Every structure is written in structure tokens, then in C-alpha cells.
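Undergrad: sequence and computational prediction follow.
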Amino acid sequence: MVIILDLSDVLRGGFEKLVFYLKLMKKKIISIDKKNLRVFVEEKAEGKNIPIEIFVAPPGWAVIRTMLMKGDEVKKLVGSTYILYRELLRLSFRFPEFNFAMDDDYNIYIVHYIFLGALSYDVFEEEYNALPVAFEKFRRDLYPEIRRIIEEEQKIEIA
């Protein structure tokens, strides 16, 4: 007997698994949006509460992400954005579990993708736990340098 599921069933099933795994991990769930298949969780990293967004996306991916840097700050780097991009690429090379992305508003994220067909508790837990580690690494090792560059750029504009 062959059972054919449509894409919405696959996505919904993946979403249910994600929420179940988060509960097993005893994570602080802030909100669950069943309509849009999104869940928001709060983690602690570098002494800050960081929101983590988890959702499923066609054709069959679980996406886990948190913002590292707002687009407004990226834009302040003016001619020095290449330093940010270079250092993000270096971090990705040195730490394979660090995957960075940028949206259309220049916001920088740490993001992980899991194919729903490969979604298991172990895989999810490992990918989820890599996010706070990447956040801390970025904030501790790279962000202070980026802030310094932004401050220098602003001094140049003012002078």
C-alpha cells in the first residue's frame, strides 16, 4: 500500500516534530504559530536573551535561526563591510556548524537547515545547540571589532 502525502502534510508533520523536540529539551517556548508553522524560543547567550526562530519551509526544510547583527549596523560599516563578510567566511571555514546568512534588509543571521526527511531528535538537538555557541563566538570575537570599525567610520563622517 502506498500512502501519498501532500507537501502541507509533510511540513505540518515536521513542525509537530520540532515542537515536540523543543519540549523534550525543556526549551523556553515563547510562542507557537501553527498557521505559519513557526515557533519562537528564548535562549541565554553572552548574558543576553536571544530569540531563536524555528520554522518549516517548502519543499521540506526545518530552519533554525537567530539574528546576530541588525542591518542598520551593517550599513554603518560603509566601506568596511568586506571585513565583516571576510570574518564571517573565516568563522564558517573554521567552524563548519556556523552558517551565516543575510536577508534583504542586511540583517545577519546564524542559521541551520535540516532536511525534514533527516529530522531526528539527535540531529535537531545538535543543530539547535550550535546556535547559541555561534552567537557567543560572534559576539565575543567578532562583534567588538565590528563596533570599533563602526565608531571609526562615524568619526570620519563627522570630521
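TA: Sure thing, it's come through. Remember, it's a predicted structure, so these values are computed and weren't measured experimentally. Residues are numbered from 1 along each chain as shown.
Undergrad: and the most centrally placed residue in the chain, bridged to which residues?
TA: Among the residues of the chain, residue 65 comes closest to the average C-alpha position under C-alpha atoms, centre = their mean, at 2.0 Å. According to DSSP bridges, the partner residues bridging residue 65 are residue 53, residue 111.
Undergrad: what separates it from residue 79, distance-wise?
TA: Residue 65 sits 28 Å away from residue 79, taking C-beta to C-beta, to the nearest Å as the criterion. (Each C-beta comes from the backbone N, C-alpha and C, glycine too.)
Undergrad: same check on residue 22?
TA: 42 Å.
Undergrad: lowest confidence element among the helices and strands of the protein?
TA: Using mean pLDDT, DSSP states H and E, the weakest-scoring helix or strand in the chain turns out to be helix 143-158, at a mean of 74.
Undergrad: show me the contacts for residue 133.
TA: Residue 133 makes contact with residue 97, according to C-beta atoms under 8 Å, 6 or more residues apart in numbering.
Undergrad: give me the element it is part of.
TA: Under the criterion DSSP states H and E, the helix or strand holding residue 133 is helix 121-137.
Undergrad: average pLDDT across that helix?
TA: For helix 121-137, mean pLDDT rounds to 94.
Undergrad: beta-bridge partners for residue 41, please?
TA: Residues in a beta bridge with residue 41, per DSSP bridges, are residue 29, residue 52.
Undergrad: how near is it to residue 81?
TA: Distance, residue 41 to residue 81, using C-beta to C-beta: 30 Å.
Undergrad: of those two, give the one with the bigger neighbour count.
TA: residue 41 (22 against 15; other C-beta atoms under 10 Å).
Undergrad: pLDDT wise, what is that one at?
TA: The per-residue pLDDT of residue 41 was computed as 97.
Undergrad: same thing with residue 57?
TA: Per-residue confidence at residue 57 stands at 93 (pLDDT).
Undergrad: OK, contacts around it?
TA: Listed by C-beta under 8 Å, 6+ apart, the contact set of residue 57 reads 11, 63.
Undergrad: hmm, back to that, put the alpha carbons of the helix holding residue 133 into PDB.
TA: Output for helix 121-137, consisting of C-alpha atoms alone and laid out as PDB, is shown next (Å, rounded to 0.1, in the frame of the first residue of the first chain):
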ATOM      1  CA  TYR A 121      15.900  14.200  17.800                       C
ATOM      2  CA  ASP A 122      19.700  13.800  17.800                       C
ATOM      3  CA  VAL A 123      20.100  15.900  14.600                       C
ATOM      4  CA  PHE A 124      17.800  18.600  15.800                       C
ATOM      5  CA  GLU A 125      19.500  18.800  19.200                       C
ATOM      6  CA  GLU A 126      22.900  19.200  17.700                       C
ATOM      7  CA  GLU A 127      21.900  21.800  15.200                       C
ATOM      8  CA  TYR A 128      19.900  23.800  17.800                       C
ATOM      9  CA  ASN A 129      22.700  23.800  20.300                       C
ATOM     10  CA  ALA A 130      25.100  25.100  17.800                       C
ATOM     11  CA  LEU A 131      23.200  28.400  17.500                       C
ATOM     12  CA  PRO A 132      23.900  29.800  21.000                       C
ATOM     13  CA  VAL A 133      27.600  28.700  20.600                       C
ATOM     14  CA  ALA A 134      27.900  30.600  17.300                       C
ATOM     15  CA  PHE A 135      26.100  33.600  18.800                       C
ATOM     16  CA  GLU A 136      28.600  33.700  21.700                       C
ATOM     17  CA  LYS A 137      31.600  33.300  19.300                       C
END
